[in-house]
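Student: A predicted structure for the sequence below; I have some questions about it.
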Amino acid sequence: MKDEGASAAEEPAKPERKTFTVLPDDVQPFITVRDALNARTPPSTLYHYTGTAGLVGIIEGHALRLSHVGFLNDRSELSYAKEVISSVVDGWKREDTRIVAGLDQLAQMLPGMFDGVDVFVSCFCENGDLLSQWRGYSKGAGTYALGFSSSELRSPDTENESFALYPIIYDVDDQVRIVRDTISRGLRRYLLSIGGPPSVERELFTPIGLLVFALSVVGIMFKHGSFMAEREWRLIMVRRMEDGAPPIMFRTDRPWFPSPYTSVTFTRGTLPLTHVTCGPSPEPSLATRSVEMLLRTQGYEPVTVAESEIPLRW
């Protein structure tokens, strides 16, 4: 007679079934952007270099001007970011064949990653008296470095929630790590078929579309290591297509086409301006005096105005 109890005891135990919990942060590619945003603390003052027309427009308009990312002066910045991102994607295909389909979709969208995305930026340096900046912005005329309180730029007294201050990343290893982490989160979203807001039917809000959008913001933070001396920071604003979005305006200081930009004002009515450095000029005392008069007429007192200490002769 078969001993049922004995046979039951001899049955091999079933392996414990593993369960995985996907947390919201695991599938949000913009989490990596947030982490990069919080990774560094800027110095107390950041400087925006501009010419005479820019100086007068910013001070009289009490507004920060942000240029459309597709119309930046240095076109190579965006191509450099694309090269870094594309190299990561190509390498990943060889590492993991299970997600080739998602990576192929991503690769197809990368060439146009900055197209159709209204992202605007304003550039700042940690150094308010930098020779390369004076040379780059002078164009044979007056140049100025406007110093702003970085704490107020990081937490602006403005209603625009998509307005933030980001450090520029120069180290290639850091750039690759940030891209890989962004893609990793985006691919989890892709594999789980999690889209964007269900009420919005736009390519941007597909899992891969959202990943490309996140990579476009990441790419704006990348520059070649040869520019490291600038120690640059950028105000980046994603302009949303909705009522109340800041209007797009156009500069006419470029010879071939109008250049789109937008502006951000602070609800206190003035900018967090603390310092102005007048660049090298044939008449430094007159440059200083005129800037002091401009600031006084617009209610910017006290703001320190100083001459550049670089002995550059134009």
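Tutor: Structure received.
Student: C-alpha only now, for contacts and for neighbours.
Tutor: Will do.
Student: how about the strands in the chain?
Tutor: Here the chain has its strands, by DSSP state E, at 45-51, 63-68, 119-125, 143-149, 163-167, 232-238, 249-251, 259-265, 273-278, 304-307.
Student: what strands flank the shortest one, and is each parallel or antiparallel?
Tutor: Neighbouring strands of strand 249-251 in its sheet, by DSSP bridges, are strand 259-265 (antiparallel).
Student: what does the strand it pairs with contact?
Tutor: Contacts with strand 259-265, where a contact means CA atoms under 8 Å, 6 or more residues apart in numbering, come from 62-68, 71, 120, 158, 246-252, 271.
Student: I'd like to check the angle between that strand and strand 63-68, please.
Tutor: With axes from the mean of the first three to the mean of the last three CA atoms, to 10 degrees applied, the angle from strand 259-265 to strand 63-68 works out at 140 degrees.
Student: just the CA coordinates for strand 259-265, please, in PDB.
Tutor: Written as PDB, here are the backbone C-alpha positions of strand 259-265 (Å, rounded to 0.1, in the frame of the first residue of the first chain):
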ATOM      1  CA  SER A 259      16.100  85.000 -34.000                       C
ATOM      2  CA  PRO A 260      13.300  83.800 -31.700                       C
ATOM      3  CA  TYR A 261      13.500  84.400 -28.000                       C
ATOM      4  CA  THR A 262      11.200  84.700 -25.000                       C
ATOM      5  CA  SER A 263      11.600  86.500 -21.700                       C
ATOM      6  CA  VAL A 264      10.900  85.900 -18.000                       C
ATOM      7  CA  THR A 265       9.900  88.600 -15.600                       C
END
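Student: show me what contacts the residue lying closest to Tyr261 once chain neighbours are set aside?
Tutor: By the measure of CA to CA, 6 or more residues apart in numbering, the closest residue to Tyr261 outside its immediate chain neighbours is Ser67, 4.3 Å from it. For Ser67, the residues meeting the contact criterion (CA under 8 Å, 6+ apart) are 120-122, 259-262.
Student: quick check, nearest of these to Cys278?
Tutor: Among those, Ser122 lies closest to Cys278 (CA to CA), at 19.4 Å.
Student: in the sheet, who's paired with the closest one?
Tutor: Per DSSP bridges, residues listed as beta-bridge partners of Ser122: Leu235.
Student: measure it to Thr262 for me?
Tutor: Distance, Ser122 to Thr262, by CA to CA, to the nearest Å: 10 Å.
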